[in-house]
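[1] based on what follows, work out the 3D shape:
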Amino acid sequence: MQRLYDFLRRHPTGVDSFWAVILLGMSALQVLEESGHGGLNRLAMAGTSGLLCLVWALRRRYPEKMLLLAIAAGVAQLVLDTQVVVADFAMLMIVYTVASCGARWASRVALLGALSAAALADWRWPSNVDSSGNRIVSVVFLTVPFALAWVIGDSVRTRRAYYAQLEERAERLHREREAQAKAAVAAERARIARELHDVVAHNVSVMVVQADGAAYVLDSSPDQAKQALGTISQTGRLALAEMRRLLGLLRASDDSGGEYVPQPGVDQLGDLIEQVRGAGLPVEFAVAGRPRPLSSGVELTAYRIVQEALTNTRKHGGPDVSATVRLTYGDAELRMLIEDDGRGAQREHYENGAGGADGLGQGLIGMRERIAMVGGTIDTGPRPGGGFRIAAALPLKPAR
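    You can find the predicted model right below:
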C-alpha cells in the first residue's frame, strides 16, 4: 500500500488525468442526453466540457495557465448561454490547486472568481424563485464550496511553507553544529599541540643539554657525567608522565590504565626552576605580594609561560646566559616578568607574533594564545641592554 501511495505522489499528473477521463465520460453522457437542445448548444457544451477536463488533467503541472483556461471556459458558457455541465466541477478543483501551489496573483484571481461565480451564474441563468431573498440564499449557498476550496488550499500552502521553513532551519542547525564541532576539534588540536610543544621543547632541550655535557666530561669527570645522566633520567620520566596525561585526553575510554598527573601550576614553578638550574642555567626566582589560589587555567598558563621562556633562553640565549623570573601578586592580576641577559632570539621569531621561516618561534605564538584564553596581556621583545624580556599579566578572576 505504501508503494502505491508513493507511486501516486510521484505521478500527480497521471492521477489527475485518470479523474479527468472519468469526468470527460460523464460529460459526454450529459451532452448525449441533452437531445432537446440545438446542435450549436450541444457543441458548446462539449467544447467547454473538454476544456474543463483538460484543466483538471493539468491543474498541478500548470496551475496558473489552467486557471486562465478555466476562466475562459466559464466566460464562454456565459456568452454562449450554455447550461451548467458536470465538468464545471473542475472550476472548484482549480481554485483549490491555485490557492495551494500557484502564484500569489493567481491565488487572488482564483479567490475573486470563487466569490463571483455563483452570482454570475444566477444572473445569467436566473432561477424560477421569485423571492429575491431566496435567490440571495441560493447564491450564498453555492458560493460557500468555492470559498472553502480556496481557504483549504491556502491553508495547505501555509502548512507547506511552515514545514519547509522547519526543514531549512533543521538543515541550518545541522550545518552549524557540524561547523561548531569542526571548530571545537581544531581548537582541541591546537591546545594539545601547545601542550605537546611545551612538554617536548622544555624537557627534550634539558635532556639534550645534559647529554652534551655528559659526553663532554665523561672522561675527565665521571661524577659530573653521572649527575647529568641522572638529570636526563628524571627529566625523561617527567616528560613521559606529562605525555601520558596528554595522550589520555585523546583516548575514548578511561580504562587504559595509563598514569595521570595533575596539570602543573604556580606551585610547581620551584621544581621547574631547580630543574633548569640543574641543567646549567642560572635562574633568579622571586615572588612578591600575597600568594592566593588561582583558577586552573591561570595556573597552567603561568607555568607554561615560564617554562617556554626559560626554554627559549637556553636555546637562544647563547653562552654564559642567566635569567630572572619574578611573580607579583596584585589586587586583580598576577604580573610575570621573565628576563635574560643573553643575545636573545632572532627578530623574525617574535615580530608581529609570527614564527620564523624555519618554523621556529611557535612558542611565543602559543604564549599569546594562552594569554588570550584567560583574558590577560603579554608583551615580548628584546631588552634595551641586551637579552630578551617577557612581561605578562594574568587576571586573578576568570575572564568573562
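[2] next one: phi and psi at the most centrally placed residue in the chain?
    The geometric centre of the chain, computed from its C-alpha atoms, lies nearest to E176 (Cα atoms, centre = their mean), at 1.1 Å. Note on E176: its backbone torsions stand at phi -70, psi -40 [degrees, to the nearest 10].
[3] Provide a list of residues in contact with the closest residue to R292 other than its chain neighbours.
    Distances taken as Cβ to Cβ, 6 or more residues apart in numbering put Y329 closest to R292, at 6.4 Å, once the chain neighbours are dropped. The C-beta positions use only the backbone N, C-alpha and C, and glycine is treated the same way. Shown in contact with Y329 (Cβ atoms under 8 Å, 6 or more residues apart in numbering): 287-292, 396.
[4] and Q77, what helix or strand is that in?
    helix 63-80 (DSSP states H and E).
[5] which parts of that helix are buried?
    63, 66-67, 69-71, 73-74, 77 (16 or more other Cβ atoms under 10 Å).
[6] please compute how far it lies from its chain's middle.
    In terms of Cα atoms, centre = their mean, to the nearest Å, the centre of helix 63-80 is found 50 Å from the chain centre.
[7] identify the farthest-apart pair in the buried residues of helix 63-80.
    P63 and Q77 (21.1 Å; Cβ to Cβ).
[8] show me where the protein has its helices.
    2-10, 12-33, 39-57, 63-80, 89-101, 104-124, 132-217, 222-250, 269-278, 296-316, 362-374 (DSSP state H).
[9] just tell me which of those ends up closest to R335.
    Here helix 296-316 is closest among the helices of the chain (Cβ to Cβ), at 10.4 Å.
[10] the closest one vs helix 132-217, what angle?
    Counting by axes from the mean of the first three to the mean of the last three Cα atoms, to 10 degrees, helix 296-316 lies at 40 degrees to helix 132-217.
[11] just checking, what packs against helix 296-316?
    helix 132-217, helix 269-278, strand 323-329, strand 333-340, helix 362-374, strand 388-395 (3 or more Cβ pairs under 8 Å, 6 or more residues apart in numbering; DSSP states H and E).
[12] now do the buried residues in it.
    297-316.
[13] related to what we said a few turns ago, which of the helices and strands packed on helix 296-316 sits closest to R10?
    helix 132-217 (17.2 Å).
[14] lowest-confidence helix or strand of the chain?
    helix 222-250 (a mean of 74; mean pLDDT, DSSP states H and E).
[15] what residues sit buried inside that one?
    Buried, per 16+ other Cβ under 10 Å, within helix 222-250: 225, 227-228, 231-232, 234-235, 238-239, 242-243, 245-246.
[16] check stretch 115-126 too.
    For stretch 115-126, the neighbour count (16+ other Cβ under 10 Å) marks 117-118, 121-122 as buried.
[17] then stretch 387-400?
    387-390, 392-395.
[18] next: stretch 18-35.
    Those would be 20, 23-24, 26-28, 30-31, for stretch 18-35 by 16+ other Cβ under 10 Å.
[19] what's the offset of it from the middle of its chain?
    58 Å.
[20] likewise stretch 64-84?
    53 Å.
[21] now do it, average pLDDT.
    Averaged over stretch 64-84, pLDDT sits at 87.
[22] who touches the nearest residue to L58 once chain neighbours are set aside in this structure?
    Excluding the flanking residues, the one nearest L58 by Cβ to Cβ, 6+ apart is M66, at 5.4 Å. Counting by Cβ under 8 Å, 6+ apart, M66 touches 54-55, 58-59, 94, 97.
[23] swap in Q30?
    With Cβ under 8 Å, 6+ apart, Q30 has these contacts: 45, 49, 85-86.
[24] and S155, how close does it get to A149?
    11 Å (Cβ to Cβ, to the nearest Å).
[25] one step back: look up how far G265 lies from the residue nearest to R292.
    For Y329, the distance to G265 - Cβ to Cβ - is 14 Å.
[26] likewise V306?
    Counting by Cβ to Cβ - V306 and G265 are separated by 11 Å.
[27] which single one of the contacts of Y329 is nearest to G113?
    L396 (75.9 Å).
[28] what's the closest of the buried residues of stretch 387-400 to R335?
    A393 (5.2 Å).
[29] show the pLDDT at the closest one.
    92.
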